[in-house]
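> here's my sequence, what's the structure:
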Amino acid sequence: MRTGEPLPSMGDVLAALATGLWHWDTDTGLVTVDAEAARLLGLPAAPTTLTEAQTRARFHPVDWNEITGVVRLAVAEGTLAEVRIRIMDGDGNILRVVRSRSKPSFDPERHTYELIGTLQEVTEPTPGTAAGRSAVTGDWRRSREAFLLDAGRALAEARSTAEVLRVAGGLSMPGFSPDGLVVFGVEGDRLTIIGQHGHTPADMGPFSNMPLATDYPAAEVVRTGRAVYLSSPEDYRDRYPATWPLARHFGRRSWAFLPLTAGGRTMGAWMAAFTYPVAFTPDERAVLTTVARMLAQALSRAGAAESARELTEGLQRSMLPSLGPEIPGMRVAARYIPTGGGLQVGGDWYDMIPLPSGRFAMVIGDVQGHDVRAAGLMGQLRIALRAYASEGHRPDAVLSRASRFLHGLTHAAGEEALADLRFATCLYVEADPTGRLEIARAGHPDPLIRMADGTVMARPTAGGLPLGLDPDADYPTTRFTLEPGETLMLCTDGLIETGGHDMDSGWRRLRAILEDHTGDLESLADSLVQGVHGPSSHHTTGPLADRREDDIALLLLCRPGEGCGRGDTVAVRPAVRRTLLSVAQDEPERIAEARQHLRGLLHDWASAEQVDSAVLLVSEMVTNVLVHTDADALLLAEVMGEGPGRRLRVEVFDTGDDLPHKRRPGELASFGRGLMLIGLLADGWGVDPRGEGKSIWFELYEPGGSGADASEEVA
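All right, here's what the predicted structure looks like:
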């Protein structure tokens with residue numbers, strides 16, 4: 001070139017240097033190359049645009065992974081990204097090796113990378129030689145650090161021994177990558193194989209169950225705790241002639257055996273074998289030693305986690321009983337789901353106990369806490385409850401004795417135990433084949449009833465303090481009958497509140513699942529658990545999403561009928577909705593429960609005014625029984641028919657002989673208006689004498705139909 005002549009264009013200069021240009025934008029997923037870069041990639045020498053998939057198909061898989069790691073590191077350090085790339089043809093053969101130098105940039109808003117760089121062919125050095133380990137990619141030390149960071153993160157995230165071995169088998173070390181890996185463990189005085197990569201299981205037979213005294217590199221590493229590096233087959237044969245014949249047929253050229261040490265104890269050995277000679281320079285030994293340490297720590301963590309899981313699962317199995325014999329005339333299903341974190345067993349439990357009377361007791365409870373102490377107290381309390389129930393005590397006596405037992409258990413210990421006092425909630429149900437239930441409750445959530453027509457209601461029950469708070473606590477008993485087709489659901493608060501829900505929103509979620517389900521009892525139990533504990537697509541998060549999750553215990557009791565599956569799907573629900581509730585003379589506070597219970601029964605009634613009228617009349621009728629007689633009141637409410645025009649019939653029974661009659665109360669009178677209200681608000685009413693006592697009843701007809709129509713539908 002003469003002085004004063006214009007400089008050649010950049011393209012001419014790069015073409016003269018056999019250097020191509022390429023541009024990669026991860027936002028669009030496109031790679032643009034000029035003619036020289038296309039030629040280097042094994043394509044026709046013409047500018048072209050490729051997709052990431054097309055470009056990746058031209059690169060060696062290991063090099064593609066290296067590119068992504070080097071790019072992130074270069075962006076973080078603000079340096080050039082230099083990497084060696086092996087170009088492959090369609091048959092998987094290496095066409096050439098090119099060196100890429102680029103300046104990557106990162107868009108933090110779109111989270112995308114953009115690279116503009118060059119491609120230049122380089123001569124591929126012989127693997128294992130000094131030239132093969134030279135800085136063809138730029139800074140080998142930087143690539144090594146990036147590899148160790150990635151490997152450490154991947155091993156730290158492995159949760160099981162199998163995952164650790166998968167990560168170890170996929171490691172690609174910068175500048176030298178082994179094609180055969182074996183992880184050896186120790187059992188007694190023998191060497192075992194935990195996992196391997198690059199071999200067939202049959203090939204590893206001679207090396208498994210090998211005595212530690214054998215003249216074999218892995219055995220020596222375990223005995224001494226020192227690494228063994230063998231750079232050539234001759235070195236292997238000279239140092240270990242006894243076992244060289246076993247290793248010779250694999251065709252490897254170099255081997256590294258490193259100790260797996262955790263907590264100062266050598267727990268095994270790691271072998272990395274190469275198909276080409278490796279000199280094992282100080283840098284290479286440092287990489288191998290670091291990987292071996294990380295691998296040992298990962299295996300130690302995974303082994304401890306697997307042991308803990310096995311222990312807690314065994315503890316869980318031993319503490320949670322099977323349901324045992326079926327209750328005649330009843331169907332039962334149960335589930336237990338441990339909390340998702342920490343100890344996989346907690347204080348929740350369920351039980352079913354055959355009683356001397358021929359009846360059965362169903363128990364569900366929750367000891368405060370999610371730790372080992374909660375699990376231990378749960379086991380002791382469950383045994384005590386079984387003992388008291390098996391002695392034939394009534395439900396109230398069983399819970400009273402259990403409360404005294406737990407109080408003594410937690411208060412009779414030392415000062416450390418007094419600083420960590422625990423209580424337990426519990427629900428105890430006695431059932432017989434006729435559906436008669438007796439329930440005693442100790443601070444536990446009320447049961448749910450799904451009626452034969454699919455209506456779901458919380459069943460208010462009398463209760464006392466949680467177990468263990470007061471050794472002299474009383475637990476009143478609630479009696480009612482489970483009608484054919486009805487299902488009783490008992491659960492711990494974990495089923496209600498899992499997913500960040502409170503009691504109200506959790507009940508609404510369970511109610512929707514119960515009302516929509518049409519399968520048998522086992523599938524209903526699965527649906528309830530999946531609805532609150534399954535994948536995020538199965539449930540919605542509640543307002544308390546940061547709350548720690550709790551154990552889940554669930555018991556379902558069904559009296560076979562049209563609403564309770566017998567293994568078949570319920571296609572048609574019955575046209576009668578019925579509930580029964582008793583109010584004793586010494587339980588006037590249960591009148592409020594009766595009002596709430598009736599509102600639940602009429603949750604889908606078309607007229608809100610009629611619902612208010614029905615609640616008012618029920619309150620008046622039950623109050624009259626408690627005030628004017630010495631008997632208890634029994635409330636029976638039935639909703640008959642389907643769709644608009646249903647009929648509500650409410651009867652209140654008592655054993656008193658005096659029949660009510662209309663009065664003409666004065667303006668300031670406190671009594672005498674009950675029958676007047678019934679006559680004004682009800683569509684029909686009456687007083688019927690019974691064998692012992694009487695019943696007063698009223699009926700309301702839902703708007704949209706007539707009483708006669710509703711009666712015909714029921715008939």
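> how about the secondary structure of the closest residue to Gln368 other than its chain neighbours?
Excluding the flanking residues, the one nearest Gln368 by CB to CB, 6 or more residues apart in numbering is Arg422, at 4.8 Å. (Glycine included, C-beta is placed from N, CA and C.) Following DSSP: H, G, I helix; E, B strand; the rest coil, the label given to Arg422 is coil.
> likewise for the one 4 residues further on?
Going by three-state DSSP, the secondary structure assigned to Cys426 is strand.
> same question, the one 3 residues further on
Going by three-state DSSP, the secondary structure assigned to Val429 is strand.
> that one contacts Ile439, doesn't it?
Yes: the pair Val429 / Ile439 is scored as a contact, 5.1 Å apart, by CB atoms under 8 Å.
> mutual contacts of those two, please.
Pro395, Pro447 (CB atoms under 8 Å, 6 or more residues apart in numbering).
> where in the stretch 501-650 of the chain is pLDDT low?
534-540, 542-549, 562-575 (pLDDT under 70).
> three-state assignment of Gly376?
helix.
> helices of the stretch 101-250 of the chain, start to end?
140-157, 161-169, 217-224, 233-239, 244-248 (DSSP state H, counting those that start in this stretch).
> point out the most buried one among those helices.
Of all those, helix 217-224 carries the top mean neighbour count, a mean of 21, counting by mean count of other CB atoms under 10 Å.
> gap between it and the chain center?
Here helix 217-224 is found 42 Å from its chain centre; the criterion is CA atoms, centre = their mean, to the nearest Å.
> tell me the mean pLDDT for that helix?
Averaged over helix 217-224, pLDDT sits at 93.
> next one: stretch 26-41
90.
> need the residues that contact that stretch.
Stretch 26-41 has contacts (CB under 8 Å, 6+ apart) with 11, 14-15, 18-24, 43-52, 54-55, 58, 87, 96, 98, 107, 110, 112-114, 119-121.
> repeat that with 7 Å
Residues outside stretch 26-41 that contact it (CB atoms under 7 Å, 6 or more residues apart in numbering): 14-15, 18-24, 44-52, 55, 58, 87, 96, 98, 110, 112-113, 119, 121.
> dump that stretch to CSV, restricted to CA.
Below are the C-alpha coordinates for stretch 26-41, written out as CSV (Å, rounded to 0.1, in the frame of the first residue of the first chain):
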residue,chain,number,x,y,z
THR,A,26,-31.2,-13.5,22.6
ASP,A,27,-34.3,-11.3,22.5
THR,A,28,-35.1,-12.3,18.9
GLY,A,29,-33.3,-15.6,19.1
LEU,A,30,-31.5,-14.9,15.8
VAL,A,31,-27.8,-15.2,14.9
THR,A,32,-26.5,-13.2,11.9
VAL,A,33,-23.2,-14.2,10.3
ASP,A,34,-21.2,-12.8,7.3
ALA,A,35,-19.9,-14.9,4.5
GLU,A,36,-16.6,-15.9,6.2
ALA,A,37,-18.4,-16.8,9.5
ALA,A,38,-20.9,-18.9,7.5
ARG,A,39,-18.0,-20.7,5.9
LEU,A,40,-16.4,-21.4,9.3
LEU,A,41,-19.7,-22.8,10.5
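> quick one: what helix or strand has the nearest residue to Glu522 once chain neighbours are set aside in it?
Nearest residue to Glu522, sequence neighbours excluded (CB to CB, 6+ apart): Ala333, at 5.2 Å. Using DSSP states H and E, Ala333 maps to strand 331-337.
> what's the angle between the next helix or strand after that strand and strand 331-337?
Following the chain from strand 331-337 toward its C-terminal end, the next helix or strand by DSSP H and E is strand 348-354. In terms of direction (axes from the mean of the first three to the mean of the last three CA atoms, to 10 degrees), strand 348-354 departs from strand 331-337 by 150 degrees.
> now strand 348-354, how far from the centre of its chain.
Its chain's average C-alpha position is 23 Å from that of strand 348-354, according to CA atoms, centre = their mean.
> circling back to that earlier point, please convert the helices of the stretch 101-250 of the chain to JSON lines, extending it with distance to Leu648.
As requested, the helices of the stretch 101-250 of the chain are exported to JSON lines (distance: least, CB to CB, whole Å):
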{"stretch": "helix 140-157", "distance to Leu648": "60"}
{"stretch": "helix 161-169", "distance to Leu648": "61"}
{"stretch": "helix 217-224", "distance to Leu648": "81"}
{"stretch": "helix 233-239", "distance to Leu648": "91"}
{"stretch": "helix 244-248", "distance to Leu648": "87"}
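> right, and these - which one's nearest Val83?
Among those, the nearest to Val83 by CB to CB is helix 140-157 (8.1 Å).
> check which helices and strands the closest one is in contact with.
Applying 3 or more CB pairs under 7 Å, 6 or more residues apart in numbering; DSSP states H and E, we find helix 140-157 packed against helix 61-77, helix 161-169, helix 282-319.
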